[in-house]
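S.K.: need a structure here:
(one chain, ligands or ions: 2)
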Amino acid sequence: MTVSKATTNDQQNSAPEPVIIPRPDHPISRKKIAHNAIKILYRLKNSGFTAYLAGGAVRDILLGQTPADFDIVTDANPKQLKRLFRNSRIIGRRFRLVHIFFYGHNRSKPQIFETATFRRPFTLEQDDAEHIKEQPELANNLFGSPAEDAGRRDFTVNALFYNIADFSVIDYVDGLRDLEDRIIRIIGDPDTRFAEDPVRILRALEFACRLNFTIDEETGKGLKAQAPALANVPASRLREELRGLYTKKTTAALLTLGDHYQINHHWLPEEIAVNTAEAIPIIQQVENFFPLHDNDNELEKMTVMALILPGILKEYPLADEIRLNLVQDKVEEWLKPISQRLSLPRFQRHAIKDIFSLLYRLGRGDKRIKQLLSRENFFAALFFYAVTTRTTTPQPAHFSFWSQQTERLNRNPGARKLDYGRLFGKPEKKKTSSPDKSQTEKPAREQK
Ligand code: ATP
Ligand code: MG
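M.R.: Ligands and ions are numbered 1, 2, ... in the order given. Just a heads-up that it's a prediction; the model follows:
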């Protein structure tokens, strides 16, 4: 695909002309778009509306990847959308989005397509929110043109549109150039845009890791400068963003990049941020060991556990004589700030405490295998036991006991057909001169 700017943007003009790439010059074919998304786009177009595929789907198809979901933007307003699609629901108070549902043969889990009306950028987010609470009809004032909608998005590569009317790609922000150069660049002034919504700071790191892109220099400076504002992001929003990360298995990479920019302490509790260097390899092993379809609750629990683990192990190494009640108090103390920061629900806190208690039982040499196997979190504990003890020298005596049980463990449904043999197996020795690194996985940025 060749990208050339057909029209230059007039600096004075508030509605910039987009670059339009006609169908023969880009690789997006309708075959690569979910059938039901195509149906929505066509119904909108046939009813006289503008309808674009937007966001990550356009980016991912252009990169030759399979999109996670298909977001649609249109000039139809939410009420019109609701009328056009009986299988839909208006969600959100401020930016009212419409979710359009499709049920397949399996009625339990619908396919959901987020369909939004073109929006203008917002300033004074809080004021807008307050006004709209009082006068919901004001939400309509937030709707805008396609150019404005592109401009309010986060990164240039996330602001491309695919137009169902002529199958062209529309680029208002030089996103295609950045896609070719593999660059994450925030749209507009970095300081303003990151201050406006500090979650974009984490999103910049996330996309850089996931796509293996470089963060543009100015964008990098802006995110570093604005990082203290991450402390003000509501816990629920932070948790939502991170849960998306867990299933995409980019948490280790994100933390690595966060360490590089020295910003992790702005969004993680200080005592956890100082231990990320030890936590990252453990999280990386969580990501490598559990299958991709693992649900976000499972991965959230394992990731938060891995974040706390190094600090606790420093104070209480796994050993025969350890006093469980002291460890429990410590876990409680460490869990509190991270739970608050991430709005971690009670069932996750309980599960993490349970994993810790089982882990230290294993460390003390508890081998009552039948009893242990009946505990829901046993396999999670065994995982952490294996990854934290397999590289220690001398290896604890109990390690060899558990490594010999893998066949028996694998017969238990809780083992979820995971390869516990691999977990207990000695890490492969690399043929390099630095044996210490034999256990370290690839650096996070280079993972994909
Ligand atoms: P994926 O779904 O693969 O994780 P995505 O790019 O589709 O990636 P979403 O979180 O689904 O990301 O968001 C959809 C689109 O909405 C983004 O591509 C971006 O254009 C816009 N967007 C999302 N969050 C923000 C934000 N905080 N600020 C500005 N625009 C955003
Ligand atoms: Mg998306």
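S.K.: dump the residue contacts of the residue located most distally from the centre of the chain.
M.R.: The outermost residue of the chain relative to its centre, with distances by Cα atoms, centre = their mean, is residue 321 at 39.6 Å. Shown in contact with residue 321 (Cβ atoms under 8 Å, 6 or more residues apart in numbering): residue 364. (Each C-beta comes from the backbone N, C-alpha and C, glycine too.)
S.K.: what about it, which SS state?
M.R.: Under DSSP: H, G, I helix; E, B strand; the rest coil, the three-state class of residue 321 is coil.
S.K.: What pLDDT is listed against it?
M.R.: At residue 321, the pLDDT value in this model is 85.
S.K.: One more: residue 297?
M.R.: 92.
S.K.: Mind checking what secondary structure it has?
M.R.: helix.
S.K.: Just give the closest residue to it, not the sequence neighbours.
M.R.: residue 348 (7.2 Å; Cβ to Cβ, 6 or more residues apart in numbering).
S.K.: how near is residue 36 to ligand 2?
M.R.: 15 Å (Cβ to the ion, to the nearest Å).
S.K.: swap that for residue 144, sorry
M.R.: 20 Å.
S.K.: can you check residue 77 too?
M.R.: 22 Å.
S.K.: cool, residue 247 as well?
M.R.: 13 Å.
S.K.: Could you double-check that that residue lies in contact with residue 297?
M.R.: No. Contact criterion Cβ atoms under 8 Å: residue 247 and residue 297 do not qualify, at 10.1 Å.
S.K.: Who has more neighbours out of those two?
M.R.: Taking other Cβ atoms under 10 Å, residue 247 and residue 297 do not tie; residue 247 has more neighbours (17 against 14).
S.K.: Neighbours of the one residue in the chain that gets nearest to ligand 2, how many?
M.R.: In the chain, the residue that lies nearest ligand 2 is residue 56 (3.8 Å; Cβ to the ion). Neighbour count of residue 56, defined by other Cβ under 10 Å: 18.
S.K.: Over to residue 415?
M.R.: Neighbour number of residue 415 under other Cβ under 10 Å is 17.
S.K.: Need phi/psi at it.
M.R.: Here is the backbone geometry of residue 415 (degrees, to the nearest 10): phi -70, psi -10.
S.K.: show me what contacts the closest residue to it other than its chain neighbours?
M.R.: Among residues not flanking residue 415 along the chain, residue 409 sits closest, at 5.2 Å (Cβ to Cβ, 6+ apart). Residue 409 makes contact with 373, 379, 382, 415, 420 under the criterion Cβ under 8 Å, 6+ apart.
S.K.: May I ask which helix or strand encompasses residue 409?
M.R.: Using DSSP states H and E, the element containing residue 409 is helix 406-410.
S.K.: buried sites along the helix or strand following that helix?
M.R.: Later in the chain than helix 406-410, the nearest helix or strand by DSSP H and E is helix 420-424. By 16 or more other Cβ atoms under 10 Å, the buried positions in helix 420-424 come out as 420, 423-424.
S.K.: And the residues you listed, which is closest to ligand 1?
M.R.: Proximity of the buried residues of helix 420-424 to ligand 1 (Cβ to the nearest ligand atom) peaks at residue 423, which lies at 29.2 Å.
S.K.: which SSE is the residue nearest to that closest one when sequence neighbours are not counted in?
M.R.: Excluding the flanking residues, the one nearest residue 423 by Cβ to Cβ, 6+ apart is residue 386, at 4.5 Å. In this assignment (DSSP H and E), residue 386 forms part of helix 378-389.
S.K.: quick one: contacts for the residue of the chain found nearest ligand 1?
M.R.: Scanning the chain for proximity to ligand 1 using Cβ to the nearest ligand atom identifies residue 56 as nearest, at 2.4 Å. Shown in contact with residue 56 (Cβ under 8 Å, 6+ apart): 67-69, 71, 158.
S.K.: Just checking: the least confident one among those is which?
M.R.: Lowest pLDDT among the contacts of residue 56: residue 68, 89.
S.K.: Quickly note the distance from it to residue 61.
M.R.: According to Cβ to Cβ, to the nearest Å, residue 68 and residue 61 sit 12 Å apart.
S.K.: what does residue 423 give?
M.R.: 36 Å.
S.K.: And for residue 399?
M.R.: Applying Cβ to Cβ, the value for residue 399 to residue 61 is 47 Å.
S.K.: So these two - more neighbours on which side?
M.R.: More crowded of residue 399 and residue 61, by other Cβ under 10 Å: residue 61, with 22 against 18.
S.K.: Just the element for the more buried one, please.
M.R.: helix 56-62.
S.K.: which residue packs closest to residue 174, ignoring adjacent ones?
M.R.: Using Cβ to Cβ, 6+ apart, the closest residue to residue 174 is residue 156 (5.8 Å).
S.K.: what's around that neighbour, how many residues?
M.R.: Count around residue 156 with other Cβ under 10 Å applied: 26.
S.K.: residues in contact with it?
M.R.: By Cβ under 8 Å, 6+ apart, residue 156 lies in contact with 173-175, 177-178, 183, 185-187.
S.K.: Give me the phi and psi for it.
M.R.: Dihedral angles (degrees, to the nearest 10) for residue 156: phi -60, psi -40.
S.K.: Then residue 377?
M.R.: phi -100, psi 10.
S.K.: Quick check: it touching residue 354?
M.R.: Yes. Using Cβ under 8 Å, residue 377 is in contact with residue 354, at 4.6 Å.
S.K.: Could you check which of those two is surrounded by more residues?
M.R.: Neighbours per residue (other Cβ under 10 Å) separate residue 377 from residue 354, with residue 377 holding more: 21 against 17.
S.K.: Spit out the contact partners of that one.
M.R.: Residue 377 neighbours (Cβ under 8 Å, 6+ apart): 351, 354-355, 358.
S.K.: Let's have those in TSV, adding distance to residue 391 and pLDDT.
M.R.: Output for those, formatted as TSV (distance: Cβ to Cβ, whole Å; pLDDT from 0 to 100):
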residue	distance to residue 391	pLDDT
351	26	97
354	25	97
355	20	97
358	20	96
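S.K.: which of those residues lies closest to residue 267?
M.R.: residue 351 (22.6 Å; Cβ to Cβ).
S.K.: Kindly confirm my reading that that closest one forms part of a strand.
M.R.: No. Assigned with three-state DSSP, residue 351 falls outside any strand and is helix.
S.K.: For it, which non-adjacent residue is closest in space?
M.R.: residue 301 (5.1 Å).
S.K.: cool, and residue 153?
M.R.: Nearest non-adjacent residue to residue 153, counting by Cβ to Cβ, 6+ apart: residue 159, 4.1 Å away.
S.K.: now do residue 379
M.R.: residue 414 (5.0 Å).
S.K.: now the one you found: how far from residue 377?
M.R.: From residue 414 over to residue 377 (counting by Cβ to Cβ), the distance is 9 Å.
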